[in-house]
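> mind folding the following:
(one chain, ligands or ions: 1)
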Amino acid sequence: RSFLILNGPNLNLLGTRQPEVYGTTTLKDVEDLCTAKANALGVDMVFEQSNHEGVMIDLMHDARGKHAGIILNAGAYTHSSVALMDAISSIMLPVIELHLSNIHAREAFRQTSYISKVCIGQICGFGAAGYPLAMQALNEYLGDSA
Ligand code: DQA
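As a prediction, the model looks like this:
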């Protein structure tokens, strides 16, 4: 089985972007962590990042038939995008909502997630370590299914 790990806007700047909030780990470091976890789980993985909502939606549509599930760090679109929510509702794939920071402990506007209701669960607050945790969770959720 294969997982899509999809990162949204500004996550390409990880490492230099507000390190007091997001740490100094780069997106490449995160990808390396995910590669190691994929090897440990015996799954395939495709790691993507886009700053564009429509590109993210296209990647989610294209995941159908290719991936067993998606780990999504939607960045700020989490708090604004009905279109991403609708995409998740439409693709019939399990999606885990992921955030590096604990969005519940930050500004009020970050405490509203449009995507939580249509995701199977959320992992947030553990920094880069959340990615392999989410992969573990998705793998266990899928169990023995395809
Ligand atoms: C984030 C949290 C969002 O509120 C923020 O807009 C991001 C990153 C996180 O990983 O903690 O871009 O998704």
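> how about the residues of this structure near the ligand?
Neighbours of the ligand within the chain, by C-beta under 6 Å from any ligand atom: Asn10, Asn73, Gly75, Ala76, Thr78, His99, Leu100, Ser101, Ile103, Arg110. The C-beta positions use only the backbone N, C-alpha and C, and glycine is treated the same way.
> just flag the most distant two among those.
Comparing all pairs in the residues of the chain next to the ligand by C-beta to C-beta, the longest separation belongs to Asn10 and Ile103, at 14.4 Å.
> compare these two (neighbour count), which wins?
Neighbour count, other C-beta atoms under 10 Å: between Asn10 and Ile103, Ile103 has more, with 20 against 14.
> okay, and which of the residues of the chain next to the ligand map to helices?
Residues of those located in helices (DSSP state H): none.
> can you tell me which of those are buried?
Asn73, Gly75, Thr78, His99, Leu100, Ser101, Ile103, Arg110 (16 or more other C-beta atoms under 10 Å).
> nearest to Leu41 among the residues of the chain next to the ligand?
Closest to Leu41, out of all of these and judged by C-beta to C-beta, is Asn73, at 18.9 Å.
> would you agree that closest one is in contact with Pro9?
No: using C-beta atoms under 8 Å, Asn73 is not in contact with Pro9, being 9.9 Å away.
> circling back: need the residues of the chain next to the ligand in CSV (columns: pLDDT).
Formatted as CSV, the residues of the chain next to the ligand follow (pLDDT from 0 to 100):
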residue, pLDDT
Asn10, 97
Asn73, 98
Gly75, 98
Ala76, 98
Thr78, 98
His99, 98
Leu100, 97
Ser101, 96
Ile103, 97
Arg110, 97
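> restricted to strands, list those.
Asn73, His99 (DSSP state E).
> counting neighbours, what do you get for Ala108?
Neighbours of Ala108 (other C-beta under 10 Å): 6.
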